[in-house]
Structure formats: C-alpha cells, structure tokens
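# Quick check, what structure comes out for this input:
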Amino acid sequence: MATKSQSGSATAEVAVLLPAVAILVALVVGVGAVGGEQVRIQQAASAAARELARGTDEAQVIGTAHRIAGPHISVSSSYGAGYGHVVVLSGVELPLLGEIQLRAEANARLEQQP
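Next up is the predicted model:
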C-alpha cells in the first residue's frame, strides 16, 4: 500500500521517462527509414547497371532507376574498362538529425555485341 508521501510518484516517473521513450521510438523509426531507402537505391543502381550493360540508352537506364527508387533520387552513369557504372544518390529526412545522404553504386560488365 502506498504511503501518503509516495502518491503521484508513478505519474512523475512517467513524465520524466516519456521524452526519452519518444526519442528512442523516433530513432528506431529513422533507422528503419534509412535502411529501407538504402536497400531501395541499391536495387535501383543494380538494375540500372544491368540495363547499361545490355546497351540500353541512358534515358531508359535513368528511367529504370527512378521506377524502382522513386523520383527523388539522382542518377549518374558512365562507362570504363569494359564496365557500366551507375551511382544513385538519395536523401532521407530524419527527426532530430536532419537529412542524411545515401549513396549506392553498381557495376556490370558490358555485353559483347556480335
């Protein structure tokens, strides 16, 4: 049984811990958002590199990356040493931390044309 001097202590403890719990939840959600976006842009870079290796024109390569990762990304492609190289950049806005820039790269060997 609670004594008169302890009444309301549970409310005070919750009031003290609530901001910490809210920050923890925001960070967990933010880490999930960053992880999901990184997977999405890596898949976009890989698919775009495969398209580039097949000889698809650059507009379709960029379109493939945008179709997979969304319109908010930046895509660049290049050729070198028999490989097609694609870089996809994206940003994720996190509460308390601001925007985090993400980068994904993929290479694919160019197919030989007969």
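# For the closest residue to I68 other than its chain neighbours, which residues are in contact?
Among residues not flanking I68 along the chain, A44 sits closest, at 4.0 Å (CB to CB, 6 or more residues apart in numbering). No exception for glycine: its C-beta is placed from N, CA and C like everyone else's. Contacts for A44 (CB atoms under 8 Å, 6 or more residues apart in numbering) come out as 64-66, 68-69, 73, 75, 88, 104.
# Make a markdown table out of the residues you listed and add distance to L52.
Putting the contacts of A44 into a markdown table (distance: CB to CB, whole Å) gives the following:
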| residue | distance to L52 |
| --- | --- |
| T64 | 9 |
| A65 | 10 |
| H66 | 14 |
| I68 | 14 |
| A69 | 16 |
| I73 | 16 |
| V75 | 11 |
| V88 | 12 |
| A104 | 14 |
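# how about those in a markdown table, adding distance to E37, neighbour count and secondary structure?
Output for the contacts of A44, formatted as a markdown table (distance: CB to CB, whole Å; neighbours: other CB atoms under 10 Å; DSSP: H, G, I helix; E, B strand; the rest coil):
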| residue | distance to E37 | neighbour count | secondary structure |
| --- | --- | --- | --- |
| T64 | 17 | 20 | helix |
| A65 | 13 | 29 | helix |
| H66 | 14 | 16 | helix |
| I68 | 12 | 18 | helix |
| A69 | 8 | 23 | helix |
| I73 | 9 | 21 | coil |
| V75 | 15 | 21 | strand |
| V88 | 10 | 29 | strand |
| A104 | 10 | 23 | strand |
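# can you redo the residues you listed as a markdown table with distance to E13 and pLDDT?
What follows is the contacts of A44, written out as a markdown table (distance: CB to CB, whole Å; pLDDT from 0 to 100):
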| residue | distance to E13 | pLDDT |
| --- | --- | --- |
| T64 | 53 | 92 |
| A65 | 50 | 93 |
| H66 | 50 | 94 |
| I68 | 47 | 93 |
| A69 | 44 | 91 |
| I73 | 45 | 93 |
| V75 | 51 | 93 |
| V88 | 46 | 95 |
| A104 | 44 | 95 |
